[in-house]
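K.L.:
sequence first, predicted coordinates after that:
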Amino acid sequence: MAQQGRKMVAVNRKARHDYFIEETCDAGICLAGTEVKSIRAGKVNLQDSFARVENGEVWLFNMYVAPYEKGTRFNLEPRRPRKLLLHGFEIARLAGKTQQKGLALIPLQLYFERGYAKIELGLARGKKLYDKRQAIAERDAQREERRALVDRTTPGAR
């Protein structure tokens, strides 16, 4: 699923398990120099992170960026809030949807595009426990179908 010119750094696989993703949008991130170096090294974790619209700006909370090992005392806090860069009309649209419909902004993946760090945000609705069980059952059924198809098409099988 990687598109042309994108270098994938981190993917939040748990997000697709815990939420129904209704739509996605891409945003830039305000980062310091040592954070960029740490992200390029792949030392970032999106799990349990979320975004929120506050005072007309979108902020990303709880994203872990490991301190840069060759950095000095000027390394920043690993879980500090980071500002996301979006157009004004996108911020207004996301703010309206998150307030009215009870949706959440969840980061799905972090990547570099043309040298800039970007994050893909998903407008998500939380899954209930029975939804998660149903998704697991469907995935298992599809896996069994593929196995049966492979067994039938391979010569010399049974």
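P.N.:
Cool, got the structure.
K.L.:
can you give me the neighbour number for residue 18?
P.N.:
Residues near residue 18, counting by other C-beta atoms under 10 Å, number 14. Yep, even glycine has a C-beta here, placed from its N, CA and C like the rest.
K.L.:
now do residue 9
P.N.:
19.
K.L.:
next: the one 3 residues further on.
P.N.:
Using other C-beta under 10 Å, residue 12 has 23 neighbouring residues.
K.L.:
cool, and the one 5 residues further on?
P.N.:
A count of neighbours around residue 17, defined by other C-beta under 10 Å, yields 11.
K.L.:
what sits against it?
P.N.:
Residue 17 makes contact with 127, 132, 135, according to C-beta atoms under 8 Å, 6 or more residues apart in numbering.
K.L.:
and residue 125, what does it touch?
P.N.:
19, 20, 22, 101, 102, 103, 104.
K.L.:
what about the second one, which SS state?
P.N.:
The reference is to residue 20. strand (DSSP: H, G, I helix; E, B strand; the rest coil).
K.L.:
what's the closest non-adjacent residue to it?
P.N.:
Nearest non-adjacent residue to residue 20, counting by C-beta to C-beta, 6 or more residues apart in numbering: residue 125, 4.7 Å away.
K.L.:
repeat that for the fourth one.
P.N.:
On the basis of C-beta to C-beta, 6+ apart, the spatially nearest residue to residue 101 that is not a chain neighbour turns out to be residue 125, at 7.8 Å.
K.L.:
picking up where we left off before, please identify which helix or strand holds the residue nearest to residue 20.
P.N.:
Per DSSP states H and E, residue 125 falls inside strand 116-126.
K.L.:
who does the closest residue to residue 29 other than its chain neighbours bridge with?
P.N.:
In space, and not counting its chain neighbours, residue 29 is closest to residue 117: 5.1 Å by C-beta to C-beta, 6+ apart. Beta-bridge partners of residue 117, counted by DSSP bridges, are residue 112.
K.L.:
for residue 117, give me its contacts.
P.N.:
Contact analysis of residue 117 by C-beta under 8 Å, 6+ apart lists 9, 28, 29, 31, 36, 39, 110, 111.
K.L.:
just the buried members of those?
P.N.:
Neighbour counting over the contacts of residue 117 (16 or more other C-beta atoms under 10 Å) leaves 9, 29, 31, 36, 39, 110, 111 as the buried ones.
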